[in-house]
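>>> kindly return the folded structure for what I paste below:
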Amino acid sequence: MMTQKQKTTMIYFVPTLIMVFAVLGNLFSKEFNWSPADFLIAGILLFGTAIIIDLIRRIVKNKTYKILLCIVVLFILILTGVELAVGLFGTPFAGS
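Residues are numbered from 1 along each chain as shown. Below is the predicted model:
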């Protein structure tokens, strides 16, 4: 069983790991071409999501609601990322 501190550490470790892979990909691959603004936006999205999930985990007491809210937050993150990357919905923020 994980302690509260371990759970919190894991919540913030995952976005950090994703950002490290993005930096390494940008350094060593020619196909991976992110600007500093791309890293800033990705960091805001990933760590913002981690903060929201951490708050949900601390505030919501019902386990079912906690899981459901976390799934909704992750789904919104995925939809936002897809929209920024390829413009799935055609908003002005689309990357294509």
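
>>> F75 is in what secondary structure piece?
Here F75 sits within helix 63-86, counting by DSSP states H and E.

>>> mind listing what's buried along that helix?
Within helix 63-86, the residues that count as buried by 16 or more other Cβ atoms under 10 Å are K66, L69, C70, V73, L77, G81, E83, L84. For every residue, glycine as well, the C-beta is placed using N, CA and C.

>>> ok, now how distant is the third one from T64?
Put plainly, it is C70. 11 Å (Cβ to Cβ, to the nearest Å).

>>> do a quick rundown of the strands in this protein.
Counting by DSSP state E, one finds no strands in the chain.

>>> poorly predicted segments of it, please.
Low-confidence segments of the chain (pLDDT under 70): 95-96.

>>> can you pull out the helices in it?
Secondary structure of the chain (DSSP state H): helices at 4-28, 36-59, 63-86.

>>> could those be laid out in JSON lines, adding distance to A94?
Shown next, in JSON lines, are the helices of the chain (distance: least, Cβ to Cβ, whole Å):
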{"stretch": "helix 4-28", "distance to A94": "20"}
{"stretch": "helix 36-59", "distance to A94": "13"}
{"stretch": "helix 63-86", "distance to A94": "6"}
